[in-house]
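Visitor: give me the fold of what follows.
(one chain, ligands or ions: 1)
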Amino acid sequence: MTDLHRLSIRELSEGLANAQFSSRELTEHYLKRIAKIDVQVKSYVTVTPELALVEADAADTLRKAGGANVLTGVPIAHKDIFCTQGIKTTAGSKILDNFISPYDATVVAKGKASGLVTLGKLNMDEFAMGSTSENSYYGATANPWNLNHVPGGSSGGSAAAVAADLAPFATGTDTGGSIRQPASFCGLTGLKPTYGRVSRFGMIAYASSLDQGGPMARSAEDCAYLMNVMAGHDAKDSTSMNQVVDNYVANLNDTSVKGLRIGIPKQYFNVSGLAEDVKARVEESLKKLEDMGATLVEIDLNMTESYVPTYYLIAPAEASSNLQRFDGVRYGYRCENPVDLMDLYKRSRSEGFGAEVQRRILIGTYALSAGYYDAYYVKAQKVRRLIQQDFLKAFESVDVIAAPSAPTTAYKIGADLTPVEMYLGDIYTLAVNLAGLPAINAPVGFDQNNLPVGLQLIGNYWSESQLLSVVHQYQQATDWHTQRAAIAEENA
Ligand code: GLN
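Guide: Reported below is the predicted structural model:
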């Protein structure tokens with residue numbers, strides 16, 4: 001079979017159940033594709049062929065014994081921010097280049113328990129700080145739609161791998177857009193769940209009050225399968241929510257677009273950097289949803305201008321605290337021949353962290369320092385609350401809120417934007433994390449350069465089923481999500 005990589009998760013599940021192919025065949029098929037095609041895409045930091053085949057054989061044995069469940073033997077790849085026992089976990093950083101975790105992240109452990117086969121670990125911006133994946137110590141990943149462009153970030157390796165059919169689906173994390181924006185740049189569906197829906201245990205922390213893991217895949221249906229694995233309370237993460245988890249696959253047809261009230265924030269469509277093509281494709285997708293029975297309601301989100309400054313205070317503040325643990329003493333990179341302890345700290349961190357990470361540690365440390373704490377950090381927290389209230393007010397009159405996922409399509413590799421230009425590109429995604437809300441990206445067409453455009457739908461707390469369901473209905477009526485980059489059509 002040469003086209004196993006074209007099958008959806010449901011088709012893979014059925015094919016395995018009906019013995020049309022084994023997990024070993026499927027896994028070998030993906031490993032061959034990675035060996036041939038990832039030379040150009042560079043989505044993987046680490047590929048684990050031996051381990052994958054051991055897991056595939058175990059899945060096949062379990063299936064023969066009658067113990068398989070719906071995903072037993074289906075391959076997956078993880079963002080390299082999720083700790084994997086016995087496999088290197090780098091978070092895209094030199095400082096963790098030699099780090100092998102002694103335990104699995106809960107998300108990884110749940111994947112294993114569901115019978116998923118791990119193909120490897122995916123590239124990302126260092127410590128998830130960035131929007132292009134160029135901030136990785138391991139080099140830039142290419143966008144499968146045009147290899148001269150970035151896949152977005154920080155989960156750029158996850159997006160590129162799935163878009164090039166080098167993994168059927170992948171995990172990502174989203175602190176300020178890192179699932180939705182790369183999904184948008186690579187023509188994928190990606191869901192950022194409500195804060196607390198997915199365990200953060202073993203997910204290397206960037207900004208703990210904003211970080212959330214979620215699925216990246218070719219469709220809402222594929223995402224639903226992975227959400228069924230990832231979601232749920234975890235005693236090892238005190239911020240994970242102890243409440244019933246939906247069956248996201250079973251619920252895919254539960255929300256009808258008919259009668260759905262979609263809020264259109266006035267402020268979002270007047271942003272100066274919003275590209276014409278992006279605006280046009282997003283508006284066309286909203287028209288389509290309207291044709292399917294939705295009502296578009298203009299709403300106000302008055303805090304829009306404060307999203308970028310608020311996030312870029314709170315996230316670096318939390319990062320500066322979280323990243324203190326990388327000190328050259330306990331694990332990770334250590335400088336050569338330190339003269340004393342101070343020298344060890346200073347040089348290990350200066351040599352181990354990249355420029356963007358250092359920039360954020362400096363900003364965060366400054367914002368948290370005694371004389372400035374109230375003026376910056378405390379103030380940002382107050383603004384954060386106002387941003388949340390803005391959304392809650394909007395949800396009194398609408399069911400979901402629509403926005404672009406990003407103001408532009410994928411940048412060129414090496415575009416060399418200034419940090420502030422780069423940060424402004426996050427305008428549409430940051431508020432969702434500041435408020436802790438769930439949101440999804442769905443592909444809705446292409447710009448004039450044939451680069452994908454994404455629509456973002458933001459839901460109220462715990463509305464993951466609704467978001468997946470709405471996008472699933474849209475994807476039943478359109479075929480943007482079935483379009484493949486030319487490189488994905490290549491056979492290994
Ligand atoms: N681009 C944003 C940043 O650089 C968001 C990253 C993320 O969600 N991890 O912080």
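
Visitor: you'd agree residue 73 is up against residue 23?
Guide: Yes. Between residue 73 and residue 23 there is a contact under C-beta atoms under 8 Å: 2.9 Å. In this view, the C-beta of every residue, glycine as well, is placed from N, C-alpha and C.

Visitor: what's the overlap in contacts for these two?
Guide: 16, 56, 59-60, 63, 117 (C-beta atoms under 8 Å, 6 or more residues apart in numbering).

Visitor: and the protein, which residues reach the ligand?
Guide: Proximity of the chain to the ligand, by C-beta under 6 Å from any ligand atom, involves residues 128-131, 154, 174-178, 206, 315, 426.

Visitor: what does the lowest-mean-pLDDT helix or strand in the chain rub up against?
Guide: Sorting the helices and strands of the chain by mean pLDDT, DSSP states H and E puts helix 486-489 at the bottom, at a mean of 93. For helix 486-489, contacts defined as C-beta under 8 Å, 6+ apart pick out 5, 37, 40-41, 144, 147, 163-165.

Visitor: low-confidence ranges, the protein, go.
Guide: 1-2 (pLDDT under 70).

Visitor: burial of residue 336, as a residue count?
Guide: Using other C-beta atoms under 10 Å, residue 336 has 7 other residues around it.

Visitor: in the stretch 351-492 of the chain, which spans are helices?
Guide: 355-368, 379-394, 419-424, 430-435, 464-477, 486-489 (DSSP state H, counting those that start in this stretch).

Visitor: buried set for the longest one?
Guide: The reference is to helix 379-394. By neighbour count on 16 or more other C-beta atoms under 10 Å, the buried set for helix 379-394 is 379-380, 383-384, 387-388, 390-391, 394.

Visitor: that helix - contacts with which helices or strands?
Guide: Here helix 379-394 touches helix 307-322, helix 430-435, going by 3 or more C-beta pairs under 8 Å, 6 or more residues apart in numbering; DSSP states H and E.

Visitor: strands of the stretch 101-250 of the chain, start to end?
Guide: Per DSSP state E, counting those that start in this stretch, the stretch 101-250 of the chain carries strands over the ranges 117-122, 170-173, 189-192, 213-217.

Visitor: would you mind pulling up the elements that the last one packs against?
Guide: Strand 213-217 makes packing contacts with helix 156-163, strand 170-173, strand 189-192, helix 220-230 when contacts are defined by 3+ C-beta pairs under 8 Å, 6+ apart.

Visitor: list the buried ones in that strand?
Guide: Within strand 213-217, the residues that count as buried by 16+ other C-beta under 10 Å are 213-217.

Visitor: that one - which strands sit beside it in the sheet, and in what orientation?
Guide: strand 170-173 (antiparallel), strand 189-192 (antiparallel) (DSSP bridges).

Visitor: about what we covered before: which of the shared contacts of residue 73 and residue 23 tops the neighbour count?
Guide: So for the shared contacts of residue 73 and residue 23 (other C-beta under 10 Å), the most neighbours sit at residue 117, 28 neighbours.

Visitor: from residue 3, how far off is it?
Guide: Separation of residue 117 from residue 3 (C-beta to C-beta, to the nearest Å) stands at 19 Å.
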